[in-house]
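**Q** How does the following fold in three dimensions:
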Amino acid sequence: MNGHGQDDVAGPVAGPVRSPLTAVQAREVTAGLRAAMDDVRRTVAVLAARVRDAHAACAWLPLGYSGWASYCGAEFGISRAQAYRLLDVARVLAAIHEAVTAGPGMSRTRDTNTGPAGAALDYGLSQRALIAVSSRVDTVAELITRRLAALVHSGLQALDESTVRAVVRQAVRDVRTVPPPPPADPSADPTLAALRRVVDELAAGTHAIGELMLEVAPAYLSDTAATDVLALFCEEIGEPLDHGLAARRYAMSGDRRALHGTVL
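**A** As a prediction, this is how the structure comes out:
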């Protein structure tokens with residue numbers, strides 16, 4: 001027993017079944033997988049930097065495109081929604097980097113980030129995680145700034161890269177796992193206030209379902225591609241497909257308007 005249960009043994013296999021690995025071989029495979037995951041995260045950071053630079057320079061204009069979305073569709077074959085999600089990723093990473101480098105005692109971090117723009121923004125965050133907090137980037141940045149300042153004031157004269165990365169990743173994780181706050185200005189009408197609480201609870205539950213949907217259909221997939229992936233899954237769990245897709249959009253954006261006409 002490995003402590004993780006039997007689900008993996010009974011689940012679908014991504015390739016042909018092989019003979020059992022030795023512990024040494026399994027450790028080598030795991031190390032290779034970890035390296036590949038790190039490469040993917042670094043690629044997200046580099047891609048975000050390139051997106052930011054291309055958008056800031058209006059790279060579509062000299063090429064004769066009408067805007068960012070048409071440029072991305074023609075040059076890279078991605079949808080309008082995907083094109084703007086890339087901008088969200090770039091915006092969130094830039095805000096995080098600004099929060100990291102703006103605080104007191106961050107000189108060492110600034111000094112070690114003088115390489116390529118992509119490297120300066122590499123905090124080991126996935127595209128999915130960045131999209132998930134894109135509507136609350138100010139909250140993420142404020143949390144990072146406060147936590148780094150607390151570490152500096154506790155006696156650390158300079159923060160090393162691994163500590164900064166850990167603070168950033170935890171801040172993103174904390175904001176991501178908390179559903180967006182309900183609208184302000186609670187009603188004085190008790191009936192309306194009770195109804196709002198029900199809606200808030202429904203939205204929170206839907207956010208959790210959306211996170212589950214993102215496990216099956218990651219954020220980089222378009223709605224059309226996600227439909228193909230989620231159709232059977234939604235049928236198996238008894239969730240209408242349009243509700244599952246709406247919940248997925250809500251988990252990515254934090255915007256309740258994604259639920260209008262379906263869940264809400």
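**Q** In the stretch 1-150 of the chain, where is pLDDT below threshold?
**A** For the stretch 1-150 of the chain, applying pLDDT under 70 flags the ranges 1-18, 103-121.
**Q** What ranges does it have for its helices?
**A** 7-10, 23-56, 68-76, 80-102, 107-111, 117-120, 127-132, 137-153 (DSSP state H, counting those that start in this stretch).
**Q** Just the residues contacting the third one, thanks.
**A** By that I understand helix 68-76. Contacts of helix 68-76 from elsewhere in the structure, counted by Cβ atoms under 8 Å, 6 or more residues apart in numbering, are 55, 59-60, 63, 65, 78-80, 82-84, 86-87. For the C-beta atoms, the positions are set from N, CA and C on the backbone; glycine is no exception.
**Q** Of these, which is the most crowded?
**A** residue 86 (24 neighbours; other Cβ atoms under 10 Å).
**Q** Who are the contact partners of that one?
**A** Contact partners of residue 86, counting by Cβ under 8 Å, 6+ apart, are 47, 48, 51, 72, 78.
**Q** what's the most buried one of the helices of the stretch 1-150 of the chain?
**A** Ranked by mean neighbour count under mean count of other Cβ atoms under 10 Å, the helices of the stretch 1-150 of the chain are led by helix 127-132, which reaches a mean of 23.
**Q** State the phi and psi torsions of residue 192.
**A** Residue 192 adopts backbone torsions of phi -70, psi -40, taken as degrees, to the nearest 10.
**Q** which residues sit in contact with the residue nearest to the spatial centre of the chain?
**A** Averaging the C-alpha coordinates of the chain gives a centre point, and the residue nearest to it by Cα atoms, centre = their mean is residue 129 (1.6 Å). Residues near residue 129 by Cβ under 8 Å, 6+ apart: 172, 173, 176.
**Q** Quick check: the first one touching residue 124?
**A** No. Contact between residue 172 and residue 124 fails when scored by Cβ atoms under 8 Å: they sit 10.1 Å apart.
**Q** quick one: which of the two has more around it?
**A** Comparing residue 172 with residue 124 by other Cβ under 10 Å, the one with more neighbours is residue 172, at 24 against 16.
**Q** and the end-to-end length of stretch 151-167?
**A** With Cα to Cα, to the nearest Å applied, stretch 151-167 spans 10 Å between its terminal residues.
**Q** Please spell out which residues along it are buried.
**A** For stretch 151-167, a neighbour-count test (16 or more other Cβ atoms under 10 Å) marks 152, 159, 164, 165, 167 as buried.
**Q** what's the answer for stretch 215-235, then?
**A** Under the neighbour-count criterion of 16+ other Cβ under 10 Å, stretch 215-235 has 217, 218, 219, 220, 221, 226, 227, 230, 233, 234 buried.
**Q** average model confidence for stretch 226-240?
**A** If you average the pLDDT over stretch 226-240, you get 87.
**Q** which residue sits closest to residue 163, ignoring its sequence neighbours?
**A** In space, and not counting its chain neighbours, residue 163 is closest to residue 151: 7.1 Å by Cβ to Cβ, 6 or more residues apart in numbering.
**Q** Actually, residue 221.
**A** In space, residue 221 comes closest to residue 229 once its chain neighbours are excluded; the distance is 6.7 Å by Cβ to Cβ, 6+ apart.
**Q** Thought residue 218 was touching the one you found, still the case?
**A** No. Look at residue 229 against residue 218 with Cβ under 8 Å: they stay out of range, at 9.0 Å.
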